[in-house]
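Colleague: next comes the sequence, and after it the predicted model I'd like to discuss.
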Amino acid sequence: MNDDIKTLKAEVQEVLENNILDFWLSNMIDNEHGGFYGQMTGNGLLVKDADKGGILSARILWAFSAAYRVLGNPEYLMAATLIKDYIIEYFYDNQYGGTYWSVDCLGNPKDTKKQFYAIGFAIYGLSEYARATGDGEALCQAIRLFDCIEQHALDPQYGGYIEATTRDWQPIADMRLSDLDQNYPKSQNTHLHIIEPYTNLLRALKELPPSAASSSKPAAGSLCSGAAAAPQAAVEAALRRLIDIFTDRILIPEPHHLDLFFEMDWTRGGGRLESYGHDIECSWLMHEAALVLGDKDVLARVEPIVRMVAQASEKGLNADGSMTHEANLDTGYVDADRHWWVQAENVVGWMNIYQYFGDTAALDKAERCWLYIKEQLIDNELGEWYWSRRPDGTLNLDDDHAGFWKCPYHNSRMCLEVIERQF
């Protein structure tokens, strides 16, 4: 390991522990009503009565579980267990299965739709808690949520997964993940964040003894009507299908960007859009899925695509080492904000290319982006990272410092990926 990488590992660990996770431990735990608070504004105002999002809560669970697994700090286990218990008690729909989109500050169901992106993140957090602790209940709950997605989101005709349903799994008119998205039944983003938790669930199933998945089953009806009978085989099969979806449906053959929105039959919709952050994130998550699956033929087919998708994302790279968010080629609009999550995924994506393909130029891209993050995005006073900087270099304080979409996930994961990877 060269000295630059040793320095990078030390720097990201210091930021993870003393900037990101310390912020959430010190500012965001809701000691009155349980779980974590739902929002802090960009100006640092804590909104104690804000709704609590399922995505935020699941990402907090993942971050503290992974940090405990890697670093062993008992405070991280405390935080992970706190939010794990909160999710099971308040976000689970004990009548219909699955998890709610949001609850209010008291834990009452608020938006009860079933957004499969959010259910995927619950799987991600629960499976990571199981990896960190060996907890059989968390693993079983993750398997049952996997079963929910397979039962209610999988398209048996055209393949892939729909975006959302009503609480009781009926069709829903507005399937959008957020106000920024277009209303199509399938999206790259949801598939990206289903392949991600499925990969982690398979990893947990491989790491833990077979008895773990059945050692602590929840009460009947607490989620879907029973987990997969052979969970590892079921998850492996789903991962194979997802990899094919990315390579055969979502990938644009030339110039190897990933399209964003689709009709049920995979007709492309939404216009000519390029999301550079999702491109670089997908390059390493798709690679990770193939590596964890462990099929040499799949890996041989995927790895050239991994490199091509990463190279396509370079269109968003800037001279200062940062990456632009996205562009609409039809309108000419470019969102040139330097979003925190895009920079984090930019670092991981290029570190992955360096690690597995020996590309020293990729290491340089990762290190330059990390320098940008250190100098421009880390809030050294309050803690955590700013949402973004504008193209003119000014801080974006309009968007949350912590909130529904601003979670200790992309940045924590970037740090943990750098710490854990062997170079």
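Modeller: Received it, and whenever you're ready, just let me know what you need.
Colleague: buried sites along stretch 340-357?
Modeller: Residues of stretch 340-357 classed as buried by neighbour count (16 or more other CB atoms under 10 Å): 340-356. The C-beta positions use only the backbone N, C-alpha and C, and glycine is treated the same way.
Colleague: now it: how far from the chain's centre is it?
Modeller: Here stretch 340-357 is found 14 Å from its chain centre; the criterion is CA atoms, centre = their mean, to the nearest Å.
Colleague: using PDB, list the CA coordinates for it.
Modeller: The C-alpha coordinates for stretch 340-357 follow below in PDB (Å, rounded to 0.1, in the frame of the first residue of the first chain):
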ATOM      1  CA  TRP A 340     -22.400  15.700  -1.500                       C
ATOM      2  CA  TRP A 341     -23.600  12.300  -2.500                       C
ATOM      3  CA  VAL A 342     -22.300  12.500  -6.100                       C
ATOM      4  CA  GLN A 343     -18.800  13.400  -4.800                       C
ATOM      5  CA  ALA A 344     -18.900  10.400  -2.300                       C
ATOM      6  CA  GLU A 345     -19.800   8.000  -5.000                       C
ATOM      7  CA  ASN A 346     -17.200   9.500  -7.400                       C
ATOM      8  CA  VAL A 347     -14.500   8.600  -4.900                       C
ATOM      9  CA  VAL A 348     -15.700   5.000  -4.400                       C
ATOM     10  CA  GLY A 349     -16.300   4.400  -8.100                       C
ATOM     11  CA  TRP A 350     -12.800   5.400  -9.100                       C
ATOM     12  CA  MET A 351     -11.200   3.600  -6.100                       C
ATOM     13  CA  ASN A 352     -13.000   0.500  -7.300                       C
ATOM     14  CA  ILE A 353     -11.600   0.900 -10.800                       C
ATOM     15  CA  TYR A 354      -8.100   1.300  -9.400                       C
ATOM     16  CA  GLN A 355      -8.400  -1.700  -7.000                       C
ATOM     17  CA  TYR A 356      -9.700  -4.200  -9.600                       C
ATOM     18  CA  PHE A 357      -8.200  -2.900 -12.900                       C
END
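Colleague: would you list every one of the strands in the stretch 201-350 of the chain?
Modeller: 261-262, 268-269, 273-275, 326-328, 334-335, 338-339 (DSSP state E, counting those that start in this stretch).
Colleague: of those strands, which stretch is the most buried?
Modeller: strand 338-339 (a mean of 26; mean count of other CB atoms under 10 Å).
Colleague: what residues does that one touch?
Modeller: Residues from elsewhere that reach strand 338-339 (CB atoms under 8 Å, 6 or more residues apart in numbering): 277, 318, 322-325, 372, 376-377, 387-389, 391.
Colleague: what sits against the residue nearest to the spatial centre of the chain?
Modeller: Central residue of the chain (CA atoms, centre = their mean): His193, 5.7 Å from the mean position. If you count contacts by CB under 8 Å, 6+ apart, His193 has them with Tyr117, Gly120, Phe121, Tyr124.
Colleague: name the SS class of the second one, please.
Modeller: The one in question is Gly120. Going by DSSP: H, G, I helix; E, B strand; the rest coil, the secondary structure assigned to Gly120 is helix.
Colleague: for it, what are its contacts?
Modeller: Ile149, Thr190, His193, Ile194, Glu196, Pro197, Tyr198.
Colleague: for the last one, same thing?
Modeller: Taking CB under 8 Å, 6+ apart as the contact definition, Tyr124 lies against Ala58, Arg59, Trp62, His193, Glu196, Pro197, Asn200.
Colleague: if we use 10 Å, what do you get?
Modeller: Listed by CB atoms under 10 Å, 6 or more residues apart in numbering, the contact set of Tyr124 reads 58-59, 61-62, 65-66, 142, 145, 193-194, 196-201, 409.
Colleague: ditto for the first one
Modeller: Tyr117 sits next to 54-55, 101, 153, 161, 163-164, 177-178, 187, 189-194, 197 when contact means CB under 10 Å, 6+ apart.
Colleague: mind giving me the ChimeraX select for the residues you listed, buried ones only?
Modeller: Typed into ChimeraX, the line below selects the buried ones among the contacts of Tyr117, using 16+ other CB under 10 Å:
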select :54,55,101,153,161,163,164,177,187,189,190,191,192,193,194,197
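Colleague: and for Val70, the neighbour number?
Modeller: Neighbourhood size, Val70 [other CB atoms under 10 Å]: 16.
Colleague: so it, which of the three states?
Modeller: Three-state call for Val70 (three-state DSSP): helix.
Colleague: how about the strands of the stretch 201-350 of the chain in TSV, adding mean pLDDT and distance to Lys365?
Modeller: Putting the strands of the stretch 201-350 of the chain into TSV (pLDDT from 0 to 100; distance: least, CB to CB, whole Å) gives the following:
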stretch	mean pLDDT	distance to Lys365
strand 261-262	97	28
strand 268-269	94	29
strand 273-275	96	18
strand 326-328	96	18
strand 334-335	96	20
strand 338-339	98	15
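Colleague: what's the local residue count around Ile252?
Modeller: Ile252: 14 neighbours (other CB under 10 Å).
Colleague: that one contacts Ala312, correct?
Modeller: Yes - contact status for Ile252 versus Ala312: in contact at 8.5 Å, counting by CB atoms under 10 Å.
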